[in-house]
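what follows is a protein structure lacking sequence information:
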């Protein structure tokens, strides 16, 4: 189940980081099946049939370039399970 962000500081955010650029995933995140991704670079299958991230995977975006997990209210619908880059991003309001 998705959880919408509840932090008060995020309610005043315009979510520019979710609207521009690419949200890159770590190798562990890109093979975790937790996220809808767009794969970039090379991918390979190892001997036991598991995908290995050799290139880069980013969060899938809508046609307008906005992260698919951003709600109409500029809130993150996967906040509790957001990728590392989102968890470590410093937002200055």
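Nice, thanks for sending it over. Owing to the predicted nature of the structure, the values given are computational and were not obtained by experimental measurement. Residues are numbered from 1 along each chain as shown.

what pairs with residue 58 across the strands?
residue 24, residue 38 (DSSP bridges).

hmm, it is touching residue 29, no?
No - using CB atoms under 8 Å, residue 58 makes no contact with residue 29, being 10.4 Å away. (Each C-beta comes from the backbone N, C-alpha and C, glycine too.)

between those two, which contacts overlap?
Counting by CB atoms under 8 Å, 6 or more residues apart in numbering, residue 58 and residue 29 have no common neighbour.

how much space between residue 89 and residue 13?
11 Å (CB to CB, to the nearest Å).

between these two, which is the more surrounded one?
Counted by other CB atoms under 10 Å, residue 89 and residue 13 do not tie: residue 13 has more neighbours, with 16 against 12.

so what pLDDT did the more buried one get?
Looking at residue 13, its pLDDT stands at 74.

the helices in the protein, which residues?
16-19, 27-30, 84-88 (DSSP state H).

all strands of the chain, in order?
37-40, 43-45, 51-53, 56-59 (DSSP state E).

mean pLDDT lowest for which of those strands?
Among the strands of the chain, strand 43-45 scores lowest, at a mean of 49.

could you measure from the closest residue in space to residue 30 that isn't next to it in sequence over to residue 79?
Distance criterion CB to CB, 6 or more residues apart in numbering; nearest residue to residue 30, sequence neighbours excluded, is residue 57 at 3.5 Å. Between residue 57 and residue 79 the computed distance is 20 Å (CB to CB).

between these two, who's got more neighbours?
With neighbours defined as other CB under 10 Å, residue 57 and residue 79 compare such that residue 57 has more, 24 against 17.
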